[in-house]
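Peer 1: kindly return the folded structure for what I paste below:
(2 chains)
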Amino acid sequence: GQQVMQIPQYQHVQEGEDFTTYCNSSTTLSNIQWYKQRPGGHPVFLIQLVKSGEVKKQKRLTFQFGEAKKNSSLHITATQTTDVGTYFCPTGGGNKLTFGTGTQLKVEL
Amino acid sequence: DAGVTQSPTHLIKTRGQQVTLRCSPKSGHDTVSWYQQALGQGPQFIFQYYEEEERQRGNFPDRFSGHQFPNYSSELNVNALLLGDSALYLCASSLRQGANGELFFGEGSRLTVL
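Peer 2: Numbers count the residues shown, from 1 in each chain, chains lettered A, B, ... in the order given. Predicted coordinates for the structure are as follows:
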């Protein structure tokens, strides 16, 4: 898979604020996945996006796949301390995923 | 239903030694992939095993080798350890013909090379 650029690298927010992380590719992606890794933990699958312009929601999390399938975003509404962790948007398939450095989210009370 | 289990959880080795890490995939899964995660970095793909054969390999030297057993469990072997091999080694399991490409990761084995 192609490695995508993910921004920001770090984000500190106050609890209750919103948070967004973006993944951008110079080439068209066949799909993109999102994983969350808590501090000291292992990556946990959140979602896979495949279709152009796709929008999926999981409670306070909203995932989007761009119309050109070159970018994706994860938006968290009203962050909570349980949202702390690093969010990755790996690409690829067939179990061979290419991970970037992710976005590390810290939530302060 | 047990998830992906890895052993050992932590281990310390010295340069030049060899290490074997073990992984049991989630029940019903037939494919195992190994990833290396250095501190502050994302996981990097090492290789994937399916039907007891290495199917895909990332950019890792031959010092990294593996095996998959008939019960789908897998081992990762690293020879001639270097300081730079210190990392969290993650095992991920899935179905070869999985519908959504989801990988289930284990808790990892944290290797420290002194």
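Peer 1: now find how far off-centre the helix or strand hosting B:Glu75 is within its chain.
Peer 2: In this assignment (DSSP states H and E), B:Glu75 forms part of strand B:74-78. Distance of strand B:74-78 from the chain centroid (CA atoms, centre = their mean, to the nearest Å) equals 7 Å.
Peer 1: who touches B:Val113 in this structure?
Peer 2: B:Ile12, B:Lys13, B:Thr14, B:Arg15, B:Gln17, B:Leu81, B:Leu82, B:Leu83, B:Gly84, B:Asp85, B:Ser86 (CB atoms under 8 Å, 6 or more residues apart in numbering or on different chains). C-betas here are computed from N, CA, C, even on glycine.
Peer 1: across the sheet, point out what pairs with it.
Peer 2: Counting by DSSP bridges, B:Val113 is bridged to B:Lys13.
Peer 1: from chain A, how far off is it?
Peer 2: 20 Å (CB to the nearest CB, to the nearest Å).
Peer 1: next one: B:Ser86
Peer 2: For B:Ser86, the distance to chain A - CB to the nearest CB - is 16 Å.
Peer 1: wait, that residue sits on B:Ser109?
Peer 2: No. Counting by CB atoms under 8 Å, B:Ser86 does not reach B:Ser109; the two are 11.6 Å apart.
Peer 1: tell me the buried residues in the strand holding B:Glu75?
Peer 2: Within strand B:74-78, the residues that count as buried by 16 or more other CB atoms under 10 Å in any protein chain shown are B:Ser74, B:Glu75, B:Leu76, B:Val78.
Peer 1: still on that earlier bit, among the contacts of B:Val113, which one sits closest to chain A?
Peer 2: Chain A has its nearest neighbour among the contacts of B:Val113 in B:Ser86, at 16.1 Å by CB to the nearest CB.
Peer 1: alright, that wraps it up for me.
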